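[1] Kindly generate the corresponding structure for this input.
(chains A, B, C and D)
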Number of protein chains: 4
Amino acid sequence: MAMSQFKQLRRSYGFDEVAIVPGDITTNPDQTNIDFKIENFTFSIPIIASAMDAVTDVNFATLMSQVGGLAVLNLEGIQTRYDNPQEILTEITQVSDAEITPLLQKVYSQPIKGNLIGERIQAIKQSGAVCAVSVAPANTKRLAPITAEAGADILVVQSTVTSARHISKSYRGLIFPELRKSIPMPIIVGNCVSYSACFELLGTGISGVLVGVGPGAACTTREVLGVGVPQITATIDCAAARDKYLGESGRYVPIITDGGFRKGGDLCKALAAGADAVMLGSIFAQAKEAPGLGYHWGMSHPHPALPRGTRIKVGTKGTLEQILFGPASVTDGSQNLIGAIRTAMGICGVLTIQEMHKAEMVIAPAITTEGKSWQLSAT
Amino acid sequence: MAMSQFKQLRRSYGFDEVAIVPGDITTNPDQTNIDFKIENFTFSIPIIASAMDAVTDVNFATLMSQVGGLAVLNLEGIQTRYDNPQEILTEITQVSDAEITPLLQKVYSQPIKGNLIGERIQAIKQSGAVCAVSVAPANTKRLAPITAEAGADILVVQSTVTSARHISKSYRGLIFPELRKSIPMPIIVGNCVSYSACFELLGTGISGVLVGVGPGAACTTREVLGVGVPQITATIDCAAARDKYLGESGRYVPIITDGGFRKGGDLCKALAAGADAVMLGSIFAQAKEAPGLGYHWGMSHPHPALPRGTRIKVGTKGTLEQILFGPASVTDGSQNLIGAIRTAMGICGVLTIQEMHKAEMVIAPAITTEGKSWQLSAT
Amino acid sequence: MAMSQFKQLRRSYGFDEVAIVPGDITTNPDQTNIDFKIENFTFSIPIIASAMDAVTDVNFATLMSQVGGLAVLNLEGIQTRYDNPQEILTEITQVSDAEITPLLQKVYSQPIKGNLIGERIQAIKQSGAVCAVSVAPANTKRLAPITAEAGADILVVQSTVTSARHISKSYRGLIFPELRKSIPMPIIVGNCVSYSACFELLGTGISGVLVGVGPGAACTTREVLGVGVPQITATIDCAAARDKYLGESGRYVPIITDGGFRKGGDLCKALAAGADAVMLGSIFAQAKEAPGLGYHWGMSHPHPALPRGTRIKVGTKGTLEQILFGPASVTDGSQNLIGAIRTAMGICGVLTIQEMHKAEMVIAPAITTEGKSWQLSAT
Amino acid sequence: MAMSQFKQLRRSYGFDEVAIVPGDITTNPDQTNIDFKIENFTFSIPIIASAMDAVTDVNFATLMSQVGGLAVLNLEGIQTRYDNPQEILTEITQVSDAEITPLLQKVYSQPIKGNLIGERIQAIKQSGAVCAVSVAPANTKRLAPITAEAGADILVVQSTVTSARHISKSYRGLIFPELRKSIPMPIIVGNCVSYSACFELLGTGISGVLVGVGPGAACTTREVLGVGVPQITATIDCAAARDKYLGESGRYVPIITDGGFRKGGDLCKALAAGADAVMLGSIFAQAKEAPGLGYHWGMSHPHPALPRGTRIKVGTKGTLEQILFGPASVTDGSQNLIGAIRTAMGICGVLTIQEMHKAEMVIAPAITTEGKSWQLSAT
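    Numbering: from 1, shown residues only, chains lettered A, B, ... in the order given. As a prediction, this is how the structure comes out:
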């Protein structure tokens, strides 16, 4: 029996296992351009706040738009199930670890209110922000028309794994080309992690792809289901699909690495791996303005039969402004994310994110700490 | 001297080092079929409770059959050495760590009672369950006829490593084709871990193979003997032997990955690596109905001269029903194992376990935790 | 799409992941020659003290010269911003962890005093030492003439990453061939980590290259920017560039591995990887004579908007003499660094550092501690 | 520049990174033959006690011979420097960690007494044991004739690294063919770790090779000098040299893996990697009869200028008899080492150590603990 008949396993890599190699030339960070485009929308920073209840509410979406980015409101979360979300959010941060999963299962079993969907979207639009909202594939046919009518700008169709073809005997799966025709706005779909799945999704005519299965800080998909691909490999593979699709169709569709980021260096690595933008959850849950009050939990956590997630205490590290633009008063990579991206681009000698995709990277495990094991100072 | 004359080492992988890649399409988990067959017996779930004294007694075997699975009763353990096993089991859970190995050596040095073998088998049969029992190779010739006569349905011949040919000057080893002719029931043999050993075992006409040497939670074979192969590689290799044997003989013989499982994701990975079913020890020792009272110990632990094992406190995590079918109220992958298998199959876009064997996997070390190092919540 | 169109990642290695293989012959350590040359300057030990404020002041530069090595004074640090540096150094060691980054940002925002540059250089020269000083690329055109006039012997142009070509629309980058013509002294440039960047730097006519981005004990560049290459791979790559440049130009330009060293074994590994000398920060900050008073901090730590570094308490381990030449009274590799280099060379059967470059090395992760997990003794 | 001009690093492996694969057949452990030969001496177990002061004295050498093995007395240690070694040994176990290195440096600076060499050798001979003694290469010309005259049976010439050719301008290195002619006994030389160095040593006509640089529990050579090769790779390489030399010369010279062993499984792995025997230090320091009183320290620890080692508290685990032959009352692999070797050979289906050299091995990192992270039991 030839060796090739044994199942082959490819090595994959996460943020902590790689590093970016400086370029042969260097550039002035102040002159880098980090614009990011979704069809006709252009954002001045390549960062999106994720559709998680501890991260995005109307207020946070407004703030993100003001600083040049984007936030996605979850239309199937607390904001559309409760007239007064604040009360529920407070309760979530106060119960004990033993009580949290049953509580989340209960909280998310309340019905979604159609009128709240409209109200939230209109509130975001009234602030002048670009309004992006997310729905699960199973609910898209029902909710997409409502979001279009309410004036949303971008629709995100998101579940743990979303594919171009869903097979079921009992219902007809979502058909993206049909959806695209029925609503007049860009559609971002996710999540996916492989070259072939991403390539097939791109072929359905969508406007963006979310990359990442299992990496999030508040997610236990890999423990519960064994499924997931570390983010650097997932990004490299999906970037290859994007480039292949560009070559065949002439259409450049951005890929957005979603989840697993802990510090500025991780964002730089995702961009060097091929991402056009990044979607952040836990990092933004640390903002003073985030609705999670210093806590964060995953959106597959409340599943009624197979919950996957943990509630984590992320704390509050600074304002959104400080997290994005600094100046940093700490040195752990949690502040001035945009400064970090521009500086890394300068070190790599590139001026745009698409040039950054060509930066060299090496596998360099974090456990090789080389001198990092000295005692930290204490007075 | 050519480099090939140096001993070559192949890299092997365990559960924590791999992950499953989502498919290009997805399927509805509710429509997956997870049947598992041993000759004419069909089970509706691909899960077997192992022949360990902390896991399987008459009651547990009955329950496993009722939920669609199978349990194996160890015919050389406490259940057949003691009229009142409960007393002994309680003692095992109460002695100190320093006393446990000598106690187990003493407990398992008592003689096996022929009448108890018959009684236990009949009790299982009377409950309506499929009755599977295990014996060591050295005792098989003596005990197999007794089990057949008592009405057992499936015989498991199991030791740390069982091969198709055992060489000894002082006695004649067990010959499986002879054994198969002498008793009228399916024979499952184990354990093995390599392509060639598994292929040779299959050629003896047996009905199933147990895969796994050294991975069990309560086993120290790798420390004491240096012997063992991590479960993903062992499963991939034995699955290749099964497929090769199928091609040559036309007979499909299931392989069962035995030991080392800690959470739902591990089961999904074993199936994706090629297993037809999984055999669980520690996970079932955590069931409210398990005879181990929250403790677990390995079956090579009581060896009189070279004990290999540890007693571990696994705790009690829920009923058997909850462990297998949920709904889960925790998110660590210890509940709703069947839900996890079906969901993972849906994400991989497959409908049967044999299709699941073709799911792509990547090497993705668990130490790449990507964001998992946040502080867990505490109120 | 061919596999080669996916971004490829090369594996890189740090000090803790490799080991030196003994030679087929052995030599007498006492007869090894460890001279190191920068143009016309010859040093009897291949060790340079880094341009960090916790390491090098006038006194330390004098001592290093007396023992046969070299120290580099940072012309943009505390020594040239304050008439009385001692006061500031003391304050840095006394504030709490929460206060340190803002304090350093404030301390390093004070102006550099031109008269202090002259005074410090002259004090070093008056002691009879070789005087090496460092400046950042952006300030080199302004400060280089002053250092030349004040009598400095060697100029070090150093930043996190320095390349042969810096692209900016708003100013004209530093041109090394022009700089070399304008001042009559050897120029050492850094830091770089790749073959191509190093090769290009060598082509500008400089006299030495510093190798290392991100490895320092007090540096968090990899966390904040994601940029860095572990030191063994960086040294191997830059050594290949040096050898290639030697072949083309006939000029041998030394490369100096800078940062990440914790013990004697690390120095030996850098030399075996191809370094002509090493530059030490944290290890010298542990000397009784170091200005850091038992603390150490990185030179990119005080960045006003994107600080990268930590203050670490390194403690005081012995005199400079003892650290370099022993006799050691401890066995952790922190004393008698020169003895360690000579002994390792003897074990490898070599007599010069250039022969040491040919010593065989293996990848041998430190986590394979083989017996190192015994309990350390305690009385 | 071709990639091959960059320094290449080969991956090496230690005990904890590999595992033995069971064979396709199995054999009866009771029928295995584990004899080990050094020229005309045959030992019934392939285990040698190392020439370390915490392990071997006259009494321990006697006991090892009685159980079928061998022990080596260090002729340059405490036994030959002190009339009453017991006093010194007690002092070593009583000082604090801070005092131990200076104390050992002092203890080992006392002169070796010629009369004690004779006395110790004769005491061992009078017990009926085979007498093996060790000397450093630098002292061999002086001490070898004394040992021969006193009646020693086997001479071990041992230092951290010993090569076939030592280069020095000030003295003439040891020439093994000359030494062999001058004394009438087998010579074992060590240590070495590479194919070429081992092959060259074998060509000098010696009778055995010790394999291992840096692995010992009480050794810090890798930290201090950066030198060392993990034991599995070192053993595989030296076994290849042995086999090559056998093919060319017709002479089979055993290789002995020396150091780094912690448990029975490690011994089995060394034999499977190609070792003819193993030399144990720390494991025997744990014997009730060992002179180290529960402590252990390395023989390069007392070096006057560059000490390399740690004193470790190994504790007392049982009698020598119990450690070697059991029955074991613990399950961590520290007892019944011979039982472990025979059982592993049975699982691999082999009958002699030379057959064991052909057992398959896989790379299987210990960090893949598969289920080993359960809470250990506690009552």
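
[2] quick one, phi/psi of A:Thr147?
    Backbone geometry at A:Thr147, expressed as degrees, to the nearest 10, gives phi -70, psi -40.

[3] Count the residues that sit near A:Asp30.
    Neighbours of A:Asp30 under the rule other C-beta atoms under 10 Å in any protein chain shown: 10. No exception for glycine: its C-beta is placed from N, CA and C like everyone else's.

[4] Before we move on, what's the pLDDT of it?
    Here, the pLDDT recorded for A:Asp30 equals 94.

[5] so it makes contact with A:Arg342?
    Yes: when contacts are counted by C-beta atoms under 8 Å, A:Asp30 is listed as touching A:Arg342 (7.3 Å).

[6] Check whether A:Ala273 really touches A:Asp237, as I assumed.
    No: with contact defined as C-beta under 8 Å, A:Ala273 does not count as touching A:Asp237 (9.5 Å).

[7] a helix runs through A:Asn115, doesn't it?
    Yes: assessed by DSSP: H, G, I helix; E, B strand; the rest coil, A:Asn115 belongs to a helix.

[8] Next one: it from chain B, what distance?
    For A:Asn115, the distance to chain B (C-beta to the nearest C-beta, to the nearest Å) stands at 30 Å.

[9] That residue: neighbouring residues, count only.
    For A:Asn115, the neighbour count with other C-beta under 10 Å is 10.

[10] now swap in A:Gly14 and tell me
    25.

[11] How about A:Gly250?
    Look at A:Gly250: counted by other C-beta under 10 Å, it has 7 neighbours.

[12] Report pLDDT for it.
    pLDDT, read off for A:Gly250, is 97.

[13] ok and the residue in the stretch 51-200 of chain A nearest chain C?
    Nearest to chain C, among the residues of the stretch 51-200 of chain A, is A:Tyr195, at 7.4 Å (C-beta to the nearest C-beta).

[14] Does the closest residue to that residue other than its chain neighbours lie in a helix or a strand, and which?
    Once flanking residues are discounted, A:Tyr195 sits nearest to A:Asp237: 4.3 Å by C-beta to C-beta, 6 or more residues apart in numbering or on different chains. Assigned by DSSP states H and E, A:Asp237 falls within helix A:231-249.

[15] helices or strands up against that helix?
    The helices and strands touching helix A:231-249, judged by 3 or more C-beta pairs under 8 Å, 6 or more residues apart in numbering or on different chains; DSSP states H and E, are helix A:195-202, strand A:208-211, strand A:255-258, helix A:264-273.

[16] Out of these, the one nearest A:Ile34 is which?
    Checking the helices and strands packed on helix A:231-249 against A:Ile34 by C-beta to C-beta gives helix A:264-273 as the closest, at 8.6 Å.

[17] so after that closest one, what's the next helix or strand?
    Next along from helix A:264-273, by DSSP H and E: strand A:277-280.

[18] partners of that next one, with directions?
    strand A:47-49 (parallel), strand A:255-258 (parallel) (DSSP bridges).

[19] C-alpha coordinates for that strand, PDB please?
    Taking C-alpha atoms only, strand A:277-280 is exported to PDB below (Å, rounded to 0.1, in the frame of the first residue of the first chain):
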ATOM      1  CA  ALA A 277      -9.000  43.700   7.100                       C
ATOM      2  CA  VAL A 278      -9.400  42.200  10.500                       C
ATOM      3  CA  MET A 279     -12.500  41.700  12.600                       C
ATOM      4  CA  LEU A 280     -11.900  42.100  16.400                       C
END
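
[20] got the contact list for that strand?
    Identification of contacts with strand A:277-280 by C-beta atoms under 8 Å, 6 or more residues apart in numbering or on different chains yields A:36, A:43, A:46-50, A:55, A:72, A:210, A:212, A:254, A:256-259, A:261, A:267, A:270-271.

[21] residues in the stretch 1-150 of chain A within reach of chain C, list them.
    Contacts of the stretch 1-150 of chain A with chain C, taken as C-beta under 8 Å from any C-beta of the partner chain, map to A:13, A:18-28, A:30-31.

[22] Go through those and flag which are in strands.
    A:Val18, A:Ala19, A:Ile20, A:Ile25, A:Thr26, A:Thr27 (DSSP state E).

[23] Present the residues you listed as CSV; the columns should include neighbour count and pLDDT.
    Compiled in CSV, these are given as follows (neighbours: other C-beta atoms under 10 Å in any protein chain shown; pLDDT from 0 to 100):
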residue, neighbour count, pLDDT
A:Val18, 27, 95
A:Ala19, 31, 96
A:Ile20, 29, 97
A:Ile25, 16, 95
A:Thr26, 26, 96
A:Thr27, 24, 95
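
[24] Which residue ranges of the stretch 251-379 of chain A form helices?
    With DSSP state H, counting those that start in this stretch as the criterion, the stretch 251-379 of chain A has helices at A:264-273, A:282-285, A:320-325, A:337-348, A:353-356.

[25] burial count for the residue of the stretch 51-200 of chain A closest to chain C?
    With other C-beta under 10 Å as criterion, A:Tyr195 counts 21.

[26] Could you list the residues in contact with the lowest-mean-pLDDT helix or strand in chain A?
    The helix or strand of chain A with the poorest confidence is helix A:221-225; it has a mean of 88 (mean pLDDT, DSSP states H and E). The contact list for helix A:221-225 (C-beta under 8 Å, 6+ apart) reads A:160, A:213-214, A:227-228, A:300, A:306, A:308, B:19-20, B:263-265, B:268, B:331-333, B:340, B:343-344, B:347, B:366.

[27] got the CA coordinates for it in PDB?
    This file holds the C-alpha atoms of helix A:221-225, laid out as PDB (Å, rounded to 0.1, in the frame of the first residue of the first chain):
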ATOM      1  CA  THR A 221     -15.500  25.000  19.000                       C
ATOM      2  CA  ARG A 222     -12.200  23.200  18.800                       C
ATOM      3  CA  GLU A 223     -12.700  21.500  22.200                       C
ATOM      4  CA  VAL A 224     -16.400  20.600  21.600                       C
ATOM      5  CA  LEU A 225     -16.300  19.700  17.900                       C
END
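
[28] of all the helices of the stretch 251-379 of chain A, which lies closest to chain B?
    Of all the helices of the stretch 251-379 of chain A, helix A:282-285 comes closest under C-beta to the nearest C-beta, at 6.2 Å.

[29] got the angle between the helix holding A:Asp237 and helix A:264-273?
    In terms of direction (axes from the mean of the first three to the mean of the last three C-alpha atoms, to 10 degrees), helix A:231-249 departs from helix A:264-273 by 30 degrees.

[30] Quickly name whichever of the ones in strands among the residues of the stretch 1-150 of chain A next to chain C is closest to D:Gln79.
    Distances from D:Gln79 to those, taken as C-beta to C-beta, are shortest for A:Ala19 (52.4 Å).

[31] nearest residue to that closest one other than its sequence neighbours?
    A:Ala364 (4.2 Å).

[32] quick one: the one you found and C:Gly228 touch, right?
    Yes: in this structure, A:Ala364 is within contact of C:Gly228 by C-beta under 8 Å, at 7.0 Å.

[33] Show me which of the two is the more surrounded one.
    Counting neighbours by other C-beta under 10 Å for A:Ala364 and for C:Gly228 shows that C:Gly228 has the greater number, 31 against 27.

[34] Now the more buried one: closest residue in space that isn't a chain neighbour?
    C:Gly214 (2.6 Å).

[35] ok but A:Ser134 is inside a strand, no?
    Yes: applying three-state DSSP, one finds A:Ser134 inside a strand.

[36] can you pull the pLDDT of A:Asp332?
    A:Asp332 is given a pLDDT of 83.

[37] repeat for A:Met1
    A:Met1 carries a pLDDT value of 52.

[38] same check, this time on A:Phe43
    The predicted local confidence for A:Phe43 is 98.

[39] give the contact list for it.
    So A:Phe43 contacts A:Asp35, A:Phe36, A:Lys37, A:Gly68, A:Gly69, A:Leu70, A:Val130, A:Ala277 (C-beta under 8 Å, 6+ apart).
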